[in-house]
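Engineer: Model the following, please.
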Amino acid sequence: MNKMNKNFLPVSVENIPGELKSLRQWVLWRGVERGGQWTKIPYSATGDKASATDSATWTDFNSALEGHKNGSFDGIGFVFKDGGGLTGVDLDHCVSNGGELEPNAAAIVNALSSFTEYSVSGSGLHIIARASLEKGVRTSARSLIDVPVEIYPHGKYFTVTGKVLGELRKITESQTIIDYLYGVISPAVVKNKPKDRKSKREYLGNGELIKRAMSAANGDKFRRLWNGDASMHGG
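Structural biologist: Below you'll find the predicted structure:
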């Protein structure tokens with residue numbers, strides 16, 4: 001086991017919601033350092049690599065916990081299943097060394113008011129809520145919020161610590177808040193409306209302006225006036 005793995009938070013089994021424990025959506029994971037960053041590789045209970053999109057590689061909670069206790073893996077993880085009705089919100093790098101929450105992250109935690117735990121690094125938070133989405137999303141340059149947020153409805157897994165933030169919260173119905181948060185993270189692109197030609201100003205050179213005036217429906221009047229004939233205008 002890598003000597004730096006001691007920095008991962010241990011699993012507090014007693015705080016993990018029974019709703020999650022009852023589902024066969026668990027994996028184990030090992031931390032691998034790559035370029036100074038930790039990557040958490042998921043594994044099945046058999047020791048083979050697991051996939052968050054292949055339910056055949058998932059296991060039940062007790063088997064995952066037993067595999068972790070054997071010391072071969074750094075922790076356990078919960079996989080979000082397509083159509084499972086659960087969504088994960090990942091708030092990265094939002095907890096200071098002193099334990100203070102970034103204001104936007106605190107607002108999200110309070111708004112969702114669902115099961116919230118620290119990530120294995122202790123510097124982020126995981127929220128699991130009851131909601132459904134077609135696809136996941138993460139903050140980008142277009143987002144209307146400046147804290148790193150990712151939302152996973154399926155095809156991803158959370159490393160689970162059970163080390164809760166504040167009081168232990170139940171998993172709550174949060175569809176309205178999740179939908180709103182999704183819109184803040186990925187605001188709809190408003191396409192430019194076609195320009196109204198009637199209201200469009202067009203600046204022409206003198207030559208083009210005279211040419212158009214002469215070819216207009218009443219161009220004959222203009223042509224005569226332009227050539228010095230003012231007879232049609234009372235002299």
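Engineer: how far away is the residue lying closest to Leu28 once chain neighbours are set aside from Ala45?
Structural biologist: Using Cβ to Cβ, 6 or more residues apart in numbering and skipping residues adjacent in sequence, the residue nearest Leu28 is Phe73, 4.0 Å away. Any C-beta I mention is one placed from the backbone N, CA and C, and that applies to glycine too. For Phe73, the distance to Ala45 equals 10 Å [Cβ to Cβ, to the nearest Å].
Engineer: ok, the two, which is more surrounded?
Structural biologist: Taking Phe73 and Ala45 together and counting by other Cβ atoms under 10 Å, Phe73 has the greater number of neighbours (23 against 19).
Engineer: Please look at that one and Val27 and confirm they touch.
Structural biologist: No. Checked against Cβ atoms under 8 Å, the pair Phe73 and Val27 is beyond contact range at 9.2 Å.
Engineer: which residues do the two both contact?
Structural biologist: Each of Tyr43 lies in contact with both Phe73 and Val27 under the rule Cβ atoms under 8 Å, 6 or more residues apart in numbering.
Engineer: Quick check: the gap between Ser186 and Asp48.
Structural biologist: In this view, Ser186 and Asp48 are 35 Å apart by Cβ to Cβ.
Engineer: which one of those two has more residues nearby?
Structural biologist: Comparing Ser186 with Asp48 by neighbour count (other Cβ under 10 Å), the higher total belongs to Ser186, at 18 against 9.
Engineer: what ranges of this structure fall below the confidence cut-off?
Structural biologist: Low-confidence segments of the chain, defined by pLDDT under 70: 1-6, 189-211, 219, 222, 225-226, 230, 232-235.
Engineer: What ranges does it have for its helices?
Structural biologist: 18-21, 61-69, 103-112, 175-185, 206-214, 219-226 (DSSP state H).
Engineer: just checking, what's the longest strand in the chain?
Structural biologist: If each strand of the chain is counted by residues according to DSSP state E, the longest one is strand 26-34.
Engineer: who's in contact with Leu112?
Structural biologist: With contact set as Cβ under 8 Å, 6+ apart, Leu112 has these partners: Val89, Ile127, Ala129, Thr172, Ser174, Ile177, Ile178.
Engineer: Skipping adjacent residues, who's closest to the last one in space?
Structural biologist: Meaning Ile178. Here the nearest residue to Ile178 in space, its sequence neighbours aside, is Ala131; by Cβ to Cβ, 6+ apart that works out to 4.0 Å.
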